[in-house]
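Enquirer: sequence and predicted structure below; questions after.
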2 protein chains.
Amino acid sequence: MRSFKSAETTTEILPVIRDRWSPRAFSAKLVTTDLLLKLLEAAQWAASSFNEQPWRFLIATKQNPEEFARALACLVPANQEWARHAPVLVLTVVKDAFTKNGKPNRCAEHDLGLALGNLSVQATAEGIVVHQMGGIEPERIRETYGVPDGYHPMTAVAIGYEGDASSLPDGWTKESELAKRTRRPLRETAFSNSWNTPFFES
Amino acid sequence: MRSFKSAETTTEILPVIRDRWSPRAFSAKLVTTDLLLKLLEAAQWAASSFNEQPWRFLIATKQNPEEFARALACLVPANQEWARHAPVLVLTVVKDAFTKNGKPNRCAEHDLGLALGNLSVQATAEGIVVHQMGGIEPERIRETYGVPDGYHPMTAVAIGYEGDASSLPDGWTKESELAKRTRRPLRETAFSNSWNTPFFES
C-alpha cells in the first residue's frame, strides 16, 4: 500500500519492495501462527551457500507474554523501548560452520540476510511490518535459550502491524518514523570496470 | 512460473519466492540495462543497520565481452565453468565500518544479503534467474577493480535467463540442475522457549 514511506524510485519496482519500511510504532493487533508460518516458510526457501540454511529463529509472541518478556530482555535498552509494543519478536542465530564438512561458513550471516529478505517481502505482501535490529545482547540470548557452541546470535526482528507514529515519545524514534526514506544514488553503489566508475547514470 | 523447481511449501507463499531457484544453465539472451536498473534499484531499498547501505556492486555484462571476461576471472574455476554462459556477472563488496562513526559494522555482510534478497525477488518477477556464489577470488577482485581498504569482496551473482539443463556437462552441475529443491523442516529451524523446541509442528 503506497504511503509517504514508499520508496521514491528511479524505475518501477515491485510494491512489496517499494512499500517496505521499518516502523517503530506497532498496533496491539496480534499476528496469527498461520501468518507467522507463511513468513518463516518464505524465509527458508532463500538461497544459501551449499544449501546449508545456516539460519535459526527463536520466536516469541504476545500470545505468551512471559515468553515475549524473555525475548524482549535480549535487546539493547534503546530497542526494548519501542519493540515492547510489537506482538512478535524473532531472535536470529547463525551456524558458524558447514554441516557437511565442519569448515567455516563465510556466507552464514549473509545467507541469514537472504532469508530475512524473503521474510520481509512476504510480510509486506501480508500487510505486516518488520523492523530488524542489530542491537541485541548476544550473550543473554545464548544463556536464555541455550544457544550451543558453533552458533552465534545475530539480529532481532520485531514483527506486527503498523501503529500510530504519534504514540511514540518525542525524540529520534518519532523523528525517524516521520521522515521520508532515503538512499544513496545508484551511481555511488554500482560500478563497472573500476571502483567508483558508475554503471548507471542515475 | 511454477515448474518442478518451485518450492513444495507447507503453506502458500508468494510465487516470486516459491519459484526462485539458482540455475547453472543460462540462455544466450542478454539482459537490458533497464532491467538491470530495476534489479539494483530493488536491492538498494533493502533495510540496513543505520541505513548504512554497506553494499557495493561491480557489474559486468556480455554487452562488453572484455569487461565480462575480467569479472569471470574473479570466480573460482568451478564457477567459471558454468557462469561464463550467463550474460551478467555482479561482484559484491561490503564496507567494513559505519560511515558515520568509523565503528565496525557487524551487520555489513548480513545487510548485503538483505539487498540481494530484494534483487532476487525483483529478478524472479521479471522472468530473470539469479545464481549467487560464495566461490570467488577476493584478492583478484580487489586488484582488478581497485577495491580500497575498508571494503571486502563477498560474493558473485550470475544473472540472466534460464537455459537448457541438457546443455550442461554430465556431473554434479547437471545432477543438481535436475534435482528437486529441498529444505529442512521448519521444526528444526524455528524454536521457541529454548533451543530445539519447535515453534511450528511442520
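Expert: Perfect, I can see it now. Residues are numbered from 1 along each chain as shown, chains lettered A, B, ... in the order given.

Enquirer: state the distance from the residue lying closest to residue A:15 once chain neighbours are set aside to residue A:9.
Expert: Leaving out its chain neighbours, the residue that sits closest to residue A:15 by CB to CB, 6 or more residues apart in numbering or on different chains is residue A:2, at 7.3 Å. From N, CA and C alone the C-beta is placed, and that goes for glycine too. According to CB to CB, to the nearest Å, residue A:2 stands 12 Å off from residue A:9.

Enquirer: now for the two: what residues contact both?
Expert: residue A:18 (CB atoms under 8 Å, 6 or more residues apart in numbering or on different chains).

Enquirer: quick one, which of the two is more surrounded?
Expert: residue A:9 (17 against 9; other CB atoms under 10 Å in any protein chain shown).

Enquirer: please see if stretch A:147-161 touches chain B.
Expert: Yes - using CB under 8 Å from any CB of the partner chain, stretch A:147-161 reaches chain B at A:147-148, A:154-155.

Enquirer: need the residue closest to the centroid of chain A.
Expert: Centroid-nearest residue in chain A, with CA atoms, centre = their mean: residue A:132, separated by 3.2 Å.

Enquirer: and it, that one's in a strand?
Expert: Yes - counting by DSSP: H, G, I helix; E, B strand; the rest coil, residue A:132 is located in a strand.

Enquirer: related to what we said a few turns ago, farthest pair within the residues of stretch A:147-161 next to chain B?
Expert: Greatest spatial distance among the residues of stretch A:147-161 next to chain B (CB to CB): A:148 and A:155, at 18.5 Å.

Enquirer: wait, does stretch A:123-136 contact chain B?
Expert: Yes - for stretch A:123-136, a contact with chain B is found by CB under 8 Å from any CB, at A:125, A:132, A:134.

Enquirer: repeat for stretch A:137-145
Expert: Yes - Stretch A:137-145 comes into contact with chain B (CB under 8 Å from any CB), by way of residue A:145.

Enquirer: partners of the longest strand seen in chain A, with directions?
Expert: Taking DSSP state E as the criterion, chain A has its longest strand at strand A:151-160. Strand A:151-160 sits in its sheet next to strand A:88-95 (antiparallel), strand A:129-133 (antiparallel), going by DSSP bridges.

Enquirer: chain A: helices as residue ranges?
Expert: A:15-18, A:33-44, A:65-72, A:77-83, A:108-125, A:138-145, A:172-178 (DSSP state H).

Enquirer: which residue comes closest to residue A:51 once chain neighbours are left out?
Expert: Leaving aside its sequence neighbours, residue A:51 sits nearest to residue B:182 (CB to CB, 6+ apart; 7.5 Å).

Enquirer: touching, that neighbour and residue A:53? I think so.
Expert: No - contact criterion CB atoms under 8 Å: residue B:182 and residue A:53 do not qualify, at 9.9 Å.

Enquirer: mind picking out the helix or strand in chain A with the poorest mean pLDDT?
Expert: helix A:172-178 (a mean of 85; mean pLDDT, DSSP states H and E).
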